[in-house]
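mind looking at a prediction? Sequence and model below.
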Amino acid sequence: MQLHSKLPHVGTTIFSVMSALANEVGAVNLSQGFPDFPADTEMIHLVTKAMQNGQNQYAPMPGLPALREIIAHKTERCYGYLPDWNTELTVVSGASEAIFNAIACTVSQGDEVIIFEPAYDLYLPVIELFGGKVVPISLQFPAYSVNWEEVKQKISEKTKLIIFNTPHNPSGAVWQQKDMLSLVELVKNTNIFLISDEVYEHIIFDKIAHESAIKYEEIRKRCFVISSFGKTYHTTGWKLGYCLAPAELTKEFRKIHQFNTFSTNTPMQYAMAEFVKQEDKYLSLPDFYQERRDKFKKMLQETPFELLDCKGTYFQLVSYKHLSNENESDYAIRLTKEVGVATIPVSVFYQKPTDNKVLRFCFAKQYQTLEAGIERILKNKEKLYK
Ligand code: GLN
């Protein structure tokens, strides 16, 4: 028997590949984006309490009302818009599920979907799975800014959806108000839907305000806005996120959600319904990660790498173009094996061959982990040149 692949060009995601290689060779893993410090003990206690209280059966399909209610208030607190938690919010099993559902309910055979590259690696295969045609637009290196004139040119009658992500993984770039206003101009009076991937909404630096899609009515009314508790609460393994969308879009979104996962795990929803009330936990996140970014930058400055700008997310890009001609994937693999530090080659996030000689480091790590990585780089400096 032979299964005809629906995704013949798709291999294993780079995050699994690099983490597995790091484990295999004992490298310091600064590749896959996940924190190596513990989650808040109070939050863990709340999950345990919910389990012990018998909250171990299916949650309501759209999410626990108390959790959706607190997310609605958090949304108003942060972005000045109070969504209807009953009709506009759905709790899902991670932002990944939300992105999948949102693409599934918008994209049909032959539809064009604009994405910005480098793009998070789940967008493209899911679009193709539903018969969509990806129209990639390269962000302008090295600032990873958008050429809005190009976006205008790439919009066609077939454009069904535009997916964007700010703060941006892997570049660390953030969209400013002028970007959002450019988007408003392009989509108003069209039937284009939007997905705004905002999983790093609270990881943004230097007092820059996060330009959530929620703040712009023209965007919000056609948009699936997606966030993840994994990033905000250092719990990527919990796979808990949510999607905010207008009622008509949410209705279609839930049709997919109910037959995809049906509902999301119950005790964690009970825990988060309590924990999200504590505003300081998410309001203090920019400072928490900015300190890490700054310290990691200082450490990296001692190495031969050149640093690119990082305005948000927990990723720092470095250029090695003055050190080696090797392509990014080979260089990242060699660094993992020979230097003992795992990173992510940014070229894997492009459809068109693009090799700027840039690597992504994840700095959501304890200082001792970051120091161990830098120490290895300094000790094996000569291996960086090849
Ligand atoms: N978002 C994380 C990253 O960019 C990884 C998520 C995953 O492993 N699927 O590294």
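Alright, I've got the coordinates. Numbers count the residues shown, from 1 in each chain.

for the closest residue to the ligand within the stretch 51-200 of the chain, list the residues it contacts.
The minimum distance from the stretch 51-200 of the chain to the ligand, using Cβ to the nearest ligand atom, falls at residue 169 (5.0 Å). For every residue, glycine as well, the C-beta is placed using N, CA and C. Neighbour list for residue 169: 33, 120, 199-200, 313, 315 [criterion: Cβ atoms under 8 Å, 6 or more residues apart in numbering].

same question for residue 243.
Contacts of residue 243 (Cβ under 8 Å, 6+ apart): 89-90, 92, 98, 101-102, 224-226, 250, 253.

checking my notes, it in a strand, right?
Yes - the assignment for residue 243 is a strand, going by DSSP: H, G, I helix; E, B strand; the rest coil.

report the separation between it and the ligand.
According to Cβ to the nearest ligand atom, to the nearest Å, residue 243 and the ligand sit 17 Å apart.

near the ligand, which of the contacts of residue 169 show up?
Counting by Cβ under 6 Å from any ligand atom, residue 33 from those sit close to the ligand.

buried subset of the contacts of residue 169?
For the contacts of residue 169, a burial check counting by 16 or more other Cβ atoms under 10 Å picks out 33, 120, 199-200, 313, 315.

next, format those residues as a markdown table and append pLDDT and secondary structure.
Shown next, in a markdown table, are those (pLDDT from 0 to 100; DSSP: H, G, I helix; E, B strand; the rest coil):
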| residue | pLDDT | secondary structure |
| --- | --- | --- |
| 33 | 97 | coil |
| 120 | 98 | coil |
| 199 | 98 | coil |
| 200 | 98 | coil |
| 313 | 98 | coil |
| 315 | 98 | strand |
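
now, which of the residues you listed sits nearest residue 307?
residue 315 (12.0 Å; Cβ to Cβ).

quick one: contacts for the closest one?
33, 169-172, 360-363.

and the furthest pair within these?
Taking Cβ to Cβ, no two of the contacts of residue 315 sit farther apart than 171 and 363, at 14.2 Å.

more neighbours: those two, which one.
Looking at residue 171 and residue 363 with other Cβ atoms under 10 Å, you find the greater number of neighbours at residue 171, namely 28 against 25.

I'd assumed residue 318 was in contact with that one.
No - assessed by Cβ atoms under 8 Å, residue 171 is found out of contact with residue 318, at 12.0 Å.

any idea what sits nearest the residue minimising distance to the centre of the chain, other than its immediate chain neighbours?
Per Cα atoms, centre = their mean, the C-alpha nearest to the average position across the chain is that of residue 199, at 5.0 Å. In space, and not counting its chain neighbours, residue 199 is closest to residue 228: 4.2 Å by Cβ to Cβ, 6 or more residues apart in numbering.

any idea what the one you found is bridged to?
residue 241 (DSSP bridges).

got the contact list for it?
So residue 228 contacts 94-95, 199, 240-241 (Cβ under 8 Å, 6+ apart).

apply 10 Å and report the result again.
92, 94-98, 197-201, 235-236, 238-242 (Cβ atoms under 10 Å, 6 or more residues apart in numbering).

ok, it to the ligand distance?
Distance, residue 228 to the ligand, using Cβ to the nearest ligand atom: 9 Å.

for residue 378, helix, strand, or coil?
Per three-state DSSP, residue 378 ends up helix.

quick one: it and residue 252, what's the gap?
Residue 378 sits 53 Å away from residue 252, going by Cβ to Cβ, to the nearest Å.

likewise for residue 107?
According to Cβ to Cβ, residue 107 and residue 252 sit 12 Å apart.

who's more crowded, these two?
More neighbours surround residue 107 than the other of residue 107 and residue 252, with 22 against 16 (other Cβ under 10 Å).

so who does that one touch?
Shown in contact with residue 107 (Cβ under 10 Å, 6+ apart): 113, 126-133, 160-161, 193.

can we see that at 8 Å?
By Cβ under 8 Å, 6+ apart, the neighbours of residue 107 are 113, 127, 130-132, 160-161.

mark which of the residues you listed are buried, thanks.
113, 127, 130, 132, 160-161.

one step back: between residue 171 and residue 318, what contacts are shared?
residue 308.

okay, now the closest residue to residue 380 other than its chain neighbours: neighbour count?
Excluding the flanking residues, the one nearest residue 380 by Cβ to Cβ, 6+ apart is residue 339, at 4.4 Å. A count of nearby residues for residue 339, using other Cβ under 10 Å, gives 21.

so residue 339 makes contact with residue 383?
Yes - the pair residue 339 and residue 383 qualifies as a contact (Cβ under 8 Å) at a distance of 5.2 Å.

that concludes my questions; thank you for your assistance.
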